[in-house]
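Novice: Give me a 3D structure for the following:
(chains A and B)
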Amino acid sequence: KQEVTQIPAALSVPEGENLVLNCSFTDSAIYNLQWFRQDPGKGLTSLLLIQSSQREQTSGRLNASLDKSSGRSTLYIAASQPGDSATYLCAVRHNAGNNRKLIWGLGTSLAVNP
Amino acid sequence: KAGVTQTPRYLIKTRGQQVTLSCSPISGHRSVSWYQQTPGQGLQFLFEYFSETQRNKGNFPGRFSGRQFSNSRSEMNVSTLELGDSALYLCASSSDGLETETQYFGPGTRLLVL
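Specialist: I've put the predicted structure just below:
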């Protein structure tokens, strides 16, 4: 059974720091992995999607890596800003027959302090 | 383009009642997925509809049902509400529901069952 874990559960950093959020999954048979951001009252926003054949994706100050063999992904945020404060969720698209549903981690709650 | 909209945004019901939640996807999107989010369980997949047909289903009891209309709008119904159904219900849409596509989420409907 695929399980997704995110560490740490919460993180507080001063503005300007570079930081890394971690996501691990138990079954390497994934189709892709996605990172989302959730702001209170605003639903989820997709940040980066990495296909299983890719190693990383970049968007602005964000860089996500994927190591399928070890079951790990990291989201690197450079030069953090207070506007980055949100909950970051990792989800894997499990590659199991016809039911390729998303399996979610519980998220990392990030606070960037000015 | 307007984003995914969900109505109502907040709802209070009592045990035993039923509830219907509505989701309007982004114009042109044919796939709509529903998720339940709780602090302890995180996001869990309920079901996906594509072109008025349920294409995938999560592991929820039959009290949870849904449907999709010809204009791709979707409704989700929960009958005989239980306290444990209190959660944030999120709807997401994508163009064709392909694994490579990004899902776009609505702000959610927060349901409280008393």
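
Novice: And the residue nearest the centre of chain B?
Specialist: Of all residues in chain B, the one closest to the mean position by C-alpha atoms, centre = their mean is B:W34, 3.2 Å from it.

Novice: Tell me which residues touch that residue, please.
Specialist: With contacts taken as C-beta atoms under 8 Å, 6 or more residues apart in numbering or on different chains, B:W34 has the following neighbours: B:C23, B:F45, B:L46, B:F47, B:E48, B:G66, B:S74, B:M76, B:Y89, B:L90, B:C91, B:A92. The way it works is simple: take the backbone N, C-alpha and C, and place the C-beta from them, glycine included.

Novice: what do you get if the cut-off is 6 Å, keeping everything else the same?
Specialist: Neighbouring residues of B:W34 by C-beta atoms under 6 Å, 6 or more residues apart in numbering or on different chains: B:L46, B:F47, B:M76, B:C91.

Novice: B:G58 is in contact with the first one, correct?
Specialist: Put plainly, it is B:L46. Yes. With the criterion set as C-beta atoms under 6 Å, B:L46 and B:G58 qualify as a contacting pair; they are 5.1 Å apart.

Novice: which SSE is the closest residue to B:I26 other than its chain neighbours in?
Specialist: Taking C-beta to C-beta, 6 or more residues apart in numbering or on different chains, and ignoring the residues beside it in sequence, B:I26 has B:S93 as its nearest neighbour in space, at 5.3 Å. When elements are assigned from DSSP states H and E, B:S93 belongs to strand B:87-94.

Novice: Let's see that strand as CSV, backbone CA atoms only.
Specialist: Output in CSV follows, covering the C-alpha atoms of strand B:87-94 (Å, rounded to 0.1, in the frame of the first residue of the first chain):
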residue,chain,number,x,y,z
ALA,B,87,-14.1,18.0,6.8
LEU,B,88,-13.1,20.3,4.0
TYR,B,89,-14.4,18.9,0.7
LEU,B,90,-12.3,19.9,-2.3
CYS,B,91,-13.1,19.7,-5.9
ALA,B,92,-10.5,19.7,-8.7
SER,B,93,-10.8,19.9,-12.4
SER,B,94,-8.5,19.1,-15.4
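
Novice: For whatever helix or strand comes next after it, report the contacting residues that lie outside it.
Specialist: Helices and strands here follow DSSP H and E; after strand B:87-94, the next one along the chain is strand B:104-105. Contacts of strand B:104-105 with the rest of the structure, by C-beta under 6 Å, 6+ apart, involve A:G43, A:L44, B:V4, B:I26, B:L90, B:A92, B:S93.

Novice: on that earlier part again, in terms of contact, does the residue nearest to B:I26 touch B:G3 like I think?
Specialist: No. No contact is recorded between B:S93 and B:G3 when judged using C-beta under 6 Å, the distance being 9.1 Å.

Novice: Neighbour count for those two, which is higher?
Specialist: Higher neighbour count among B:S93 and B:G3: B:S93, with 26 against 14, using other C-beta atoms under 10 Å in any protein chain shown.

Novice: Just give me the neighbour total for B:R67.
Specialist: Burial measure for B:R67: 15 neighbouring residues, criterion other C-beta under 10 Å.

Novice: Quick one: name the residues of chain B near chain A.
Specialist: B:G42, B:L43, B:F45, B:N56, B:E99, B:T102, B:F105, B:G106, B:P107, B:G108 (C-beta under 6 Å from any C-beta of the partner chain).
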